[in-house]
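Engineer: attaching a predicted model along with its sequence, questions to come.
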Amino acid sequence: MYSGAISVADLPGGLDLQATLESGQTYLWWREDGNCFEDDEPAGSDAWYRTTAQDPHTGEEGVLRARQREGCLEWEATVDAGPVLTRRLRLEDDLPAIRSEAPEDDHLLARSYDAYWGMRLVAEPVFPTLVTFICSAQMRVERIHEMQQSLRTAFGDPVSFRGETVRTYPEPETIAATSEARLRDLGLGYRAPYVLATAEMVAEGTADPLAARDLPYEEAREYLTRFVGVGEKVADCVLLFSLDFLEAVPLDTWIRKAIARWYPDCDRGSYGATSAAIRERLGGRYAGYAQTYLFHFLRHAEESVLA
DNA sequence: TAGATACCTTATAG
DNA sequence: ACTATAAGGTATC
């Protein structure tokens, strides 16, 4: 068993682990206390969060848990999780420098940054990210989590951790080997054939989602839409939350509402043109950071405070 | 190329 | 109880 503690004071801009993991960027973590990211979540939690991860040295899939308490990010794992956390929670991102590129006269954005300061984007493994966001279509956040846990239970490999059995996220080959009916039984609905077809494409090497990383942003978005069930919005999510495209701004229902209300001149009709306009408005190369703070703030703010 | 519609499933509002 | 509606959209026509 490995363990460690990372001083939050040493991270540029600090850390808000709860906001980072419960802001709808990733569906690959869950709370040890079983409180599955419900709406009435109290803020400031020091709960343990769990996920599975690959050991950076051996490639072995293991389990890790982490919590933020007393100025530290504490972790325990069956693998060497220090580098994993640094990567997946983007602990090296310089938040003050990133925020400094946001428009200064944007009151709503400033309040969003203030409300959840320390929240970081994530950099999750690409195949699970692809599948989870295919699953996210027309789905509530809580149910997206449930679907991922169902996939783990049905197809993941067991790993023993603290006397319990935890399931890894299934590999493309494993999902590709199942049936659409089986996936529908897990509650995926019309997303079942999408997940199956995309897993087949990745398993067979028809296309490699990692290849998008080497393309210019808009070409990368176009590339990812070749996967079944992946449109422009899901492609943007994968680029932002897995492939280091910090300028990506996924146009989901919340951001579309925000555009209609606060950035109406950025609505250019098509996804691509609107996306370009809002990216420019939110600060260009770090627009995805701004998007994520706005998204989290708007989802949790009462209507009265948005006046 | 742009616009309309169907689609699984669940939860909530009326 | 029962229907309409919406939930981090996409594929198809």
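Structural biologist: Received the coordinates, thanks.
Engineer: tally of neighbours for the residue in the stretch 1-150 of chain A that DNA strand B sits nearest to?
Structural biologist: The nearest approach of the stretch 1-150 of chain A to DNA strand B comes at A:Gln138, 4.2 Å away (CB to the nearest atom of the strand). Where C-beta positions appear, they are placed from N, C-alpha and C, glycine not excepted. Residues lying near A:Gln138 (other CB atoms under 10 Å) number 8.
Engineer: how about A:Arg213?
Structural biologist: Count around A:Arg213 with other CB under 10 Å applied: 15.
Engineer: and whichever residue of chain A sits closest to DNA strand B, what is it in contact with?
Structural biologist: Residue of chain A nearest DNA strand B, by CB to the nearest atom of the strand: A:Gly189 (2.1 Å). By CB atoms under 8 Å, 6 or more residues apart in numbering, the contact list for A:Gly189 is empty.
Engineer: next: the one 10 residues further on.
Structural biologist: Residues in contact with A:Ala199 (CB under 8 Å, 6+ apart) are A:Val131, A:Pro172, A:Glu173, A:Ile175, A:Ala176.
Engineer: quick one: the closest residue to A:Ala9 other than its chain neighbours and A:Ala5, what's the gap?
Structural biologist: Once flanking residues are discounted, A:Ala9 sits nearest to A:Gly71: 6.1 Å by CB to CB, 6 or more residues apart in numbering. To A:Ala5, A:Gly71 is 9 Å away according to CB to CB, to the nearest Å.
Engineer: ok, A:Arg261 next?
Structural biologist: Distance of A:Arg261 to A:Ala5, given as CB to CB: 42 Å.
Engineer: neighbour-wise, which of those two wins?
Structural biologist: Shown here are A:Arg261 and A:Ala5; by other CB under 10 Å, A:Ala5 has more neighbours (14 against 11).
Engineer: so the more buried one touches A:Leu73, yeah?
Structural biologist: Yes. Contact criterion CB atoms under 8 Å: A:Ala5 and A:Leu73 qualify, at 6.8 Å.
Engineer: need the residues touching each of those two.
Structural biologist: Counting by CB under 8 Å, 6+ apart, A:Ala5 and A:Leu73 have no common neighbour.
Engineer: what's around A:Leu85, how many residues?
Structural biologist: By other CB under 10 Å, the residues close to A:Leu85 number 20.
Engineer: tell me who's in contact with it.
Structural biologist: Going by CB under 8 Å, 6+ apart, A:Leu85 touches A:Ile6, A:Leu64, A:Ala66, A:Leu73, A:Trp75, A:Leu91.
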